[in-house]
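[1] prediction below, plus the sequence it came from.
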Amino acid sequence: MGLQSGMNLNKMESNSKIYIAGHRGMVGSALVRNLENKGYSNIVVKTSAELDLRNQAAVNAFFEFERPDYVFLAAAKVGGINANNVYRAEFLYDNLMIETNIIHAAYKSGVKKLLFLGSSCIYPKMAPQPLKEEYLLSGYLEYTNEPYAIAKIAGIKLCESYRSQYGCDFISAMPTNLYGPNDNYDLKSSHVLPALIRKMITAKEENAEFVEIWGTGSPKREFLHVNDLAEACYFLMLNYSEEQFVNIGTGEDITIYELTELVKDIIGFQGEIKTNPSMPDGTPRKLMDVSKINNLGWKASISLRDGIASVYEEIKEKTWA
Ligand code: GFB
């Protein structure tokens, strides 16, 4: 299959000014690494202390002053199932403010191209699997992450609407569950994979009899290494300029119990795995249909075992705060 029309109209050059919103996060930092490795030398970043992205006036002033050519919108309030479920107002408010301010300022200041990052939780809880892009808004959302999903759906619709009304080259990408360097290891707010790695390391050190996981262990999830995600975002920035968002994933999923066994094996913990059904399972399954990005010419390349092993190598000496 050929690339979509409109490709390469906006070719990022090595000296193009590129703003990466959220550069301290797992996704943003992977984007910075990826672009720097490719020789991009004019990358603009701001910490949240320097620029509060929820502040419209501050964001407008920043875009007026810096006038970036390209924007990767990876800034977001993120977390695992528990953080999404508990901090519902913050997940809705912060994410709506961040994306609305950036997308509107990008339009006003004449950004050449913007890539907005969403999440697989935008799909209806009971959508058929694998999740095709066209299933968006075809059913009810999963309760635990409904505020986050609503914010991310609004971001998709902003990009679509600014494209259709103003002709802005704003695209959206929906990654599956991510992991990699710079992840959050706080057991209350993290996603499942960093939580499992931390729990297994601690259990191994303490010679514990078991590790407890949340929920029943039966939900299925798909995991993508963030370096693969960064490569996919770069690919889309160069090669895709259409209204419809694009799924990014591996196209393979496993149960949380199987994931726990894999982490246990990699880390070498000898004890048992116990489930805790009093904690929520969330969506039963969210497997991305990745045929669109595969047909465009991009495929994930880091296997789950290799990816987890590399994260484990990086953090095994870490002391937990
Ligand atoms: O990764 P996770 O927090 O988020 O949880 P979601 C995935 C599954 O792992 C759930 C189970 O079924 C959890 O119950 N799990 C087992 C655990 N043990 C643990 C643990 O120790 N910690 C955590 N965190 N989970 C999030 C959404 O959903 O995924 C966001 O809330 C976002 O909106 C993100 O889309 C990618 O996959 O359930």
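    Thanks, I have the structure now. Numbers count the residues shown, from 1 in each chain.
[2] got a list of what residue 55 touches?
    Residues near residue 55 by C-beta atoms under 8 Å, 6 or more residues apart in numbering: residue 101. In this view, the C-beta of every residue, glycine as well, is placed from N, C-alpha and C.
[3] please report phi then psi for it.
    Note on residue 55: backbone dihedrals following degrees, to the nearest 10 are phi -100, psi 110.
[4] any idea how far residue 100 is from it?
    Look at residue 55 and residue 100: by C-beta to C-beta, to the nearest Å, they are 12 Å apart.
[5] what stretches of the stretch 101-250 of the chain score poorly on pLDDT?
    Along the stretch 101-250 of the chain, the model assigns pLDDT under 70 to no residue.
[6] just the strands in it please.
    For the stretch 101-250 of the chain, applying DSSP state E, counting those that start in this stretch gives strands covering 113-117, 170-175, 177-179, 210-214, 220-221, 223-225, 246-248.
[7] which single residue of the chain ends up nearest the ligand?
    Nearest residue of the chain to the ligand, counting by C-beta to the nearest ligand atom: residue 80, 2.7 Å away.
[8] OK, contacts around the residue nearest to that residue when sequence neighbours are not counted?
    Among residues not flanking residue 80 along the chain, residue 191 sits closest, at 4.2 Å (C-beta to C-beta, 6 or more residues apart in numbering). By C-beta under 8 Å, 6+ apart, residue 191 lies in contact with 79-81, 177-179, 183-184.
[9] neighbours of residue 139, how many?
    Neighbour count for residue 139, taken as other C-beta atoms under 10 Å: 12.
[10] for it, list the residues it contacts.
    Per C-beta under 8 Å, 6+ apart, neighbours of residue 139: 124-127.
[11] of those residues, keep whichever come out buried.
    For those, a burial check counting by 16 or more other C-beta atoms under 10 Å picks out 124-125, 127.
[12] nearest to residue 203 among those residues?
    residue 125 (31.7 Å; C-beta to C-beta).
[13] the closest one touches residue 138, doesn't it?
    No - if you go by C-beta atoms under 8 Å, residue 125 and residue 138 don't touch, sitting 11.0 Å apart.
[14] circling back: I'd like the buried ones among the contacts of residue 139 laid out as a markdown table, including distance to residue 251.
    What follows is the buried ones among the contacts of residue 139, written out as a markdown table (distance: C-beta to C-beta, whole Å):
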| residue | distance to residue 251 |
| --- | --- |
| 124 | 19 |
| 125 | 20 |
| 127 | 16 |
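[15] great, nothing more from me.
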